[in-house]
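> Here is my input; please provide its structure:
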Amino acid sequence: MFHPLIFVKKLPLSPVFNLLSLGIILFGAAPLFAGSLFDLSLSTQSLLGVLDRFILLFFLIESALRVARFPSIKEYLTSSLFWIDIFSLLPPAALLIINPDDPLPGDLILRGGRLLRLVPLYQFFSQERSMGLRPSGSRMEFRLLSSSALLLYLFLLFGGVAMSAIHDRLSNEERSSRLLRIKRYMDTQGLQGIQELFPDRILKIEKRTPGESYELYLTDQTYIQTHMRHQRDFVYVEGASPEEAVLISFFDLNRRQIQFEASLLATGLLMIGALAVLFHRYFRDRILSPVERARRVMELRILGEEIEACEIPPGVDNEITELIDRMDQFYLTMREPAEK
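This next block holds a predicted model:
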């Protein structure tokens, strides 16, 4: 008989469900870094925004399913998974409510918190024997990794958002300076030579006088219509005479802001990834492997095998191996009266 509650509790423990979650997390990284790597059209950005909302909805459902696995809400609230859910779900949801269309400074870093969901998946795939995956993790390793990842992300969050805000303010000052310089030049010199003096800053030159009328696009008109937003990526500025005007581009400044935030996020992810690899190798070689070897030797001794030492590989020297050596000495001491 099918029991929905039992199915809901067992679903987060399914390798297929966790593989799906892993795929969506990796697929969801595309909206985070695509804007810094490619020139995306406005329609593509809108599509990625819709995709971002569906990914957030999936993570909300996934979190609800994982909560159902805990015996009580109190146990969930005291677990590291609760804080991972908080920092991976609340910032993106808040951004959608506050300002869904115009990104704020640090927007990319706040939305990047969703990648923290890789930490519980790392624990799952480290311990699962299913799908051909080797069990090589431990609860202690996961707790340390979760705490360290959260601390690093908090440092990235507050520091990255502050640096993004400073970078955004500098970009706004550069935006105002560019606008002022071009405006002053047009008031004094008109349109003569403006494209040579401000290369890649002027998108279009427009003149509508009785004796001379033209529109000169210095950037592909279709590209402007499909990739740039009025008032954000470019503005229309008139000269001393209303018949003379230009389109001034700020597209490079906005793109630079996105690339700056993406570099901060990528640096933080690399730090967390390096920490995960370090923890995994350390626990595997210096804690888990010696403990597993000592456990097997103990089981064989209980069955009657006389094994004098656990023979820990050389180069591993810590409190764990010292305890194992003391256990070997205790075993030899206890065996001597029986041999006499």
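> Surely Gln195 touches Leu218?
Yes - here Gln195 reaches Leu218: they are 5.8 Å apart, a contact under C-beta atoms under 8 Å. Using the backbone N, CA and C atoms, a C-beta is placed for each residue, glycine as well.
> Now list whatever residues contact both of those two.
A shared contact of Gln195 and Leu218, defined by C-beta atoms under 8 Å, 6 or more residues apart in numbering, is any residue touching both; here these are Ile202, Ile205.
> so what secondary structure elements neighbour the longest helix along the chain?
Counting by DSSP state H, the longest helix found in the chain is helix 139-189. Using 3 or more C-beta pairs under 8 Å, 6 or more residues apart in numbering; DSSP states H and E, the elements in contact with helix 139-189 are helix 80-98, helix 107-111, helix 118-127, helix 194-197, strand 234-238, strand 244-249, helix 251-282.
> how about these, which one is nearest Phe142?
Taking C-beta to C-beta, helix 118-127 is the member of those nearest to Phe142, at 4.1 Å.
> That closest one: how far from the chain's middle?
On the basis of C-alpha atoms, centre = their mean, to the nearest Å, the separation between the geometric centre of helix 118-127 and that of its chain is 16 Å.
> One more: stretch 102-115?
Counting by C-alpha atoms, centre = their mean, stretch 102-115 is centred 9 Å from the centre of its parent chain.
> what are the C-alpha coordinates of it, in PDB please?
The C-alpha trace of stretch 102-115 is given here as PDB (Å, rounded to 0.1, in the frame of the first residue of the first chain):
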ATOM      1  CA  ASP A 102      16.800  46.100 -11.800                       C
ATOM      2  CA  PRO A 103      19.700  44.300 -10.100                       C
ATOM      3  CA  LEU A 104      21.100  45.800  -6.900                       C
ATOM      4  CA  PRO A 105      24.800  45.900  -6.000                       C
ATOM      5  CA  GLY A 106      25.800  42.500  -4.800                       C
ATOM      6  CA  ASP A 107      22.800  40.800  -6.500                       C
ATOM      7  CA  LEU A 108      25.000  38.100  -8.000                       C
ATOM      8  CA  ILE A 109      26.600  37.300  -4.700                       C
ATOM      9  CA  LEU A 110      23.300  37.100  -2.900                       C
ATOM     10  CA  ARG A 111      21.800  34.800  -5.500                       C
ATOM     11  CA  GLY A 112      25.000  32.700  -5.400                       C
ATOM     12  CA  GLY A 113      24.100  31.400  -2.000                       C
ATOM     13  CA  ARG A 114      22.100  28.700  -3.700                       C
ATOM     14  CA  LEU A 115      25.400  26.900  -4.500                       C
END
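> Would you mark the buried spots in that stretch?
Pro103, Pro105, Gly106, Asp107, Leu108, Ile109, Leu110, Arg111, Gly112, Gly113, Arg114, Leu115 (16 or more other C-beta atoms under 10 Å).
> Equivalent analysis for stretch 68-88, please.
Neighbour-count burial for stretch 68-88 [16+ other C-beta under 10 Å]: Phe70, Tyr76, Ser79, Ser80, Leu81, Phe82, Trp83, Ile84, Asp85, Phe87, Ser88.
> which other residues reach that stretch?
In this structure, residues lying in contact with stretch 68-88 by C-beta under 8 Å, 6+ apart are 5, 8-9, 12-13, 59, 63, 66-67, 113-117, 119-120, 142-143, 146-147, 150, 153-154, 157.
> got the end-to-end distance for that stretch?
With C-alpha to C-alpha, to the nearest Å as the measure, the first residue of stretch 68-88 is 18 Å from its last.
> now that stretch, how far from the centre of its chain.
For stretch 68-88, the distance between its averaged C-alpha position and the chain's averaged C-alpha position is 20 Å (C-alpha atoms, centre = their mean).
> Report the mean confidence score over that stretch.
This predicted structure assigns stretch 68-88 an average pLDDT of 82.
> any idea how far Pro71 lies from Ala149?
Counting by C-beta to C-beta, to the nearest Å, the gap between Pro71 and Ala149 amounts to 25 Å.
> go on, Ala276?
Per C-beta to C-beta, Ala276 is found 8 Å from Ala149.
> more crowded one of the two?
When neighbours are counted by other C-beta atoms under 10 Å, Ala276 and Ala149 differ, and Ala149 comes out ahead with 26 against 18.
> I'd say that one and Ile272 touch.
Yes - with the criterion set as C-beta under 8 Å, Ala149 and Ile272 qualify as a contacting pair; they are 5.0 Å apart.
> Now Ala240. Its backbone dihedrals?
Phi and psi for Ala240, reported as degrees, to the nearest 10, are phi -60, psi -30.
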